[in-house]
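[1] Sequence and predicted structure, then a few things I'm wondering about:
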Amino acid sequence: MNRNGTCMVFCKINQKAEQMASWLMNETPKSPVSPIKVANAPPRVSSLRPATSSTKLQLLNQLEQMNHQLRNDPQAVTSTLSACNTAPFNTQDPIDLQISFYLSVVENLQDDKHYLQKIDALFRSKVRNGIPDAVRSKVWKAMALADGPAAMSEERFAELLECDARGTFDKIIRQDIHRTFPEHAIFAEPGGEGQTKLYNVLKAYAVYDSDCGYCQGMSFLVAPLLLLEDISELDAFRIFARLMDESVSSSGKRFALRSMFTPEMPGLHLLLHQHSELVRAFLPGLHEKLSFLNITASTYASPWFLTLFTLLLSYFPHCAVIVLLKISLALLRRNELGLMGAREDDFETCLELLKGDRVLAAFGEDCANQLMQDVFLLDSVVTEPVLTKLSASYFEQKQIATISSLEIQTLRAKVDFMGIQLDSIYKENTALKIALSQANQQRIVDVGETRKLLEDKLGNALAMAELERRKREELEKQVQLLNEQLARMSSHGEDARGPRRKGLQRH
């Protein structure tokens, strides 16, 4: 399931859960008293009237005292509040007292941006019930003004909007805003007011933080901000900039979501590592099963960490990463039986359960409320020290991997160098082969020419010898003829002398 589909799943679940705030539709969590919209109902004088300086000081002292007790012993403040009728706020206050508490937080943040550090434990306890819709935007705006970019005035924001972004991320942003909550009335109309505001905030931040720019998925963080009541584009930008900021906020916490969207996404990789190690430690059987099926955290948890962010708007405005990890662990914990019951080779079933609607079915009809209750049960399991330790192990592994990578790169460089040498030797060998071949060919040519020359000379010699032989034979024939003539001549001479001798004898 894609990010938008996952977000719509949570939207449907929250619409069914009448006791829980819809983090996409801006509903207020149900309480014994019906929610009060500041814009629609007058405040009760006893709880919402401006406090005098002495009352304010007394209230601050009481809040800090309650926070100290709650920080030391979470159960202590419950008994103290139940026994003290004059306590200004309780963790299970009616909605008007909840609103009054958050309005006091907003007012005090204007005077002291580190105010949340003074009441951190009490504030965490309060937000377990969710920040009422009537004051949710006010709390976020106050926190953003306390920590956000101080120079981000309306004029500066307008300058960011006027910058030309067509050559960098304009096209990507425009593609993403059409895929962001397309079924929600605010963002359904192409080019409508909702999409225009979403585009402006995303573009302004991309120009403001050019090193980060724009990354797909940011729209799912900005869109819920624009759904808050009485939120302008500048307000949404300030809140989003605070969420992305990696520095420690005035409450002593960090959102640091920026690292999840930078090119290498180091924050997301760290979050996935922490999630995997938490599953290994607290759900070892499930971790072994998922590892056997080759289902990694990056396969299913990445969209969780982005779409579940909308819960933070109502429940966890003072921290982010630790809550996202608790939610991801709670989801797996509830679905452990179903995942463990799947066949060892049933990869598709497990993946469908983790990435589809069924991951929330294990929480029943009151899904959202049960999910948050499971999250709160993990407070003693997923803690800052645990995450710090996991972060250290992650960076240690990363350093080892970097060293190993450097060693591998060194070996690869050596192999490459040896390869170059081998190539050089091969080329030299090839050149030698060619030279030898050419020499052989030349030798063959030379031998052929020499042979031909010798054959020609031999032929000439043989011809000369044959000629001499013929001459000799001819001479021999002539000599023989001469000898025969001489013989005949000798014979005729004898014949002629014979009668002459006879005649002489007769005489």
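    Noted; the coordinates are in hand.

[2] So what's the residue count around residue 425?
    Residues near residue 425, counting by other C-beta atoms under 10 Å, number 10. Where you see a C-beta, it was placed from the backbone N, CA and C, and this is true even at glycine.

[3] show me the contacts for residue 272.
    In this structure, residue 272 makes contact with 296-298, 301-302, judged by C-beta atoms under 8 Å, 6 or more residues apart in numbering.

[4] are any of those buried, and which?
    Buried members of these, counted by 16 or more other C-beta atoms under 10 Å: 297, 301-302.

[5] Give me the phi and psi angles of residue 190.
    Main-chain torsions, residue 190, degrees, to the nearest 10: phi -60, psi 130.

[6] related to what we said a few turns ago, pLDDT and secondary structure added to the buried ones among the contacts of residue 272, as TSV?
    Shown next, in TSV, are the buried ones among the contacts of residue 272 (pLDDT from 0 to 100; DSSP: H, G, I helix; E, B strand; the rest coil):
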residue	pLDDT	secondary structure
297	90	helix
301	87	helix
302	83	helix
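
[7] Residue 415: which of the residues you listed is nearest?
    Distance to residue 415, by C-beta to C-beta, is smallest for residue 297 among these, at 33.5 Å.

[8] That closest one reaches residue 275, doesn't it?
    Yes: taking contacts as C-beta atoms under 8 Å, residue 297 lies within contact range of residue 275: 5.0 Å.

[9] how about JSON lines for the contacts of residue 272, with distance to residue 440 added?
    Below are the contacts of residue 272 laid out as JSON lines (distance: C-beta to C-beta, whole Å):
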{"residue": "296", "distance to residue 440": "62"}
{"residue": "297", "distance to residue 440": "66"}
{"residue": "298", "distance to residue 440": "62"}
{"residue": "301", "distance to residue 440": "69"}
{"residue": "302", "distance to residue 440": "66"}
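
[10] which helices and strands sit right next to the host helix or strand of residue 350?
    Assigned by DSSP states H and E, residue 350 belongs to helix 347-355. Counting contacts by 3 or more C-beta pairs under 8 Å, 6 or more residues apart in numbering; DSSP states H and E, helix 347-355 packs against helix 297-307, helix 336-341.

[11] where are the low-confidence patches of the stretch 201-350 of the chain?
    The stretch 201-350 of the chain contains residues with pLDDT under 70 at 247-255, 306-320, 344.

[12] now swap in the chain and tell me
    Applying pLDDT under 70 to the chain flags residues 1-93, 145-151, 165-168, 247-255, 306-320, 344, 356-357, 494-507.

[13] quick one, longest helix in it?
    Ranked by residue count and defined by DSSP state H, the top helix of the chain is helix 384-506.

[14] And it, how far out from the chain middle?
    Computed by C-alpha atoms, centre = their mean, to the nearest Å, the chain-centroid distance of helix 384-506 equals 68 Å.

[15] Show me what that helix packs onto, helices and strands only.
    Judged by 3+ C-beta pairs under 8 Å, 6+ apart, the packing partners of helix 384-506 are helix 266-282, helix 321-334.

[16] okay, the ones you listed, which one's buried deepest?
    helix 321-334 (a mean of 22; mean count of other C-beta atoms under 10 Å).

[17] list the helices and strands it packs on?
    For helix 321-334, the packing partners by 3+ C-beta pairs under 8 Å, 6+ apart come out as helix 266-282, helix 297-307, helix 310-315, helix 367-377, helix 384-506.

[18] Distance to residue 233 added to those, as a markdown table?
    Formatted as a markdown table, the helices and strands packed on helix 321-334 follow (distance: least, C-beta to C-beta, whole Å):
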| stretch | distance to residue 233 |
| --- | --- |
| helix 266-282 | 25 |
| helix 297-307 | 21 |
| helix 310-315 | 17 |
| helix 367-377 | 29 |
| helix 384-506 | 34 |
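
[19] Of all these, which one is nearest residue 154?
    The closest approach between residue 154 and any of the helices and strands packed on helix 321-334, judged by C-beta to C-beta, belongs to helix 310-315 at 23.4 Å.

[20] can you list contacts of the helix or strand harbouring residue 206?
    Using DSSP H and E, residue 206 maps to helix 193-208. The set of residues external to helix 193-208 that reach it, using C-beta under 8 Å, 6+ apart, is 149, 152, 157, 160-161, 163, 165, 168-170, 173-174, 176-178, 180, 184, 186-189, 212-214, 218-219, 222-223, 225-226, 233, 236-237, 240-241, 244.

[21] among the helices and strands packed on helix 321-334, which is the most enclosed?
    Most buried of the helices and strands packed on helix 321-334 by mean neighbour count (mean count of other C-beta under 10 Å) is helix 310-315; its value is a mean of 24.

[22] Quick one: the helices and strands packed on helix 347-355 as CSV, columns for distance to residue 410 too.
    Below are the helices and strands packed on helix 347-355 laid out as CSV (distance: least, C-beta to C-beta, whole Å):
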stretch, distance to residue 410
helix 297-307, 29
helix 336-341, 42
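
[23] picking that back up, toward the C-terminus, what is the element adjacent to the helix holding residue 350?
    Helix 347-355 is succeeded, C-terminally, by helix 358-361 (DSSP H and E).

[24] buried sites along that next one?
    Neighbour count says helix 358-361 has 359-360 buried, by 16+ other C-beta under 10 Å.

[25] any idea how far residue 291 is from residue 325?
    From residue 291 over to residue 325 the distance is 19 Å, taken as C-beta to C-beta, to the nearest Å.

[26] What of residue 199?
    Taking C-beta to C-beta as the measure, residue 199 falls 31 Å from residue 325.

[27] Then residue 287?
    15 Å.

[28] Likewise for residue 271?
    7 Å.

[29] dump the residue contacts of the nearest residue to residue 335 once chain neighbours are set aside.
    Once flanking residues are discounted, residue 335 sits nearest to residue 362: 5.1 Å by C-beta to C-beta, 6 or more residues apart in numbering. Neighbouring residues of residue 362 by C-beta under 8 Å, 6+ apart: 334-335, 338.

[30] Many thanks, I have nothing further to ask.
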